[in-house]
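**Student:** Here's a sequence, model it:
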Amino acid sequence: TIRQWYLGDGYLCSSHGKSFAPSFAVNGFSIDENKRLVNMLQDIGFYVSLFDNGCGIRISTKSTNDFFSYIGDCPEPIKEIYGYKWVNRMGSV
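**Tutor:** Numbering: from 1, shown residues only. Model prediction:
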């Protein structure tokens, strides 16, 4: 489910110009719903925060590798279209 969510509403956000953090656009949800999503991601074990006045969810760079391990690789049939949303283990696009 998280991989599908990432494919649809996820993107990579540059963190201090050095590394990339997976993030989600959640501006279609209320702040309470976004806080609930953050809590659910934290329950899995990710370091997560709200940003952009509560309209975005960012996975901390501390959890980037764990996040991508959890959701797995981009599915091969759609890699040409969505592969840019994944980073390699060195933190680059």
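**Student:** What segments of the protein are helices?
**Tutor:** Secondary structure of the chain (DSSP state H): helices located at 2-9, 31-44, 64-71, 79-82.
**Student:** which one of the ones you listed is the most hemmed in?
**Tutor:** helix 64-71 (a mean of 17; mean count of other Cβ atoms under 10 Å). Quick note: C-beta positions are derived from backbone N, CA and C, even for glycine.
**Student:** elements contacting that helix?
**Tutor:** If contacts are counted by 3 or more Cβ pairs under 8 Å, 6 or more residues apart in numbering; DSSP states H and E, helix 64-71 sits against helix 2-9, strand 19-25.
**Student:** still on that earlier bit, just put the helices of the chain in CSV and tack on distance to Phe24 and mean pLDDT.
**Tutor:** Listed next are those as CSV, based on distance: least, Cβ to Cβ, whole Å; pLDDT from 0 to 100:
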stretch, distance to Phe24, mean pLDDT
helix 2-9, 5, 96
helix 31-44, 8, 95
helix 64-71, 11, 95
helix 79-82, 14, 93
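**Student:** looking at these, which is closest to Gly56?
**Tutor:** helix 31-44 (8.5 Å; Cβ to Cβ).
**Student:** can you list contacts of that closest one?
**Tutor:** Ile2, Phe24, Val26, Phe29, Val48, Ser49, Leu50, Gly54, Cys55, Ile57, Ile59, Tyr70 (Cβ atoms under 8 Å, 6 or more residues apart in numbering).
**Student:** Go through those residues and name the one nearest Gly10.
**Tutor:** Of all these, Gly10 sits closest to Phe24, with 5.2 Å by Cβ to Cβ.
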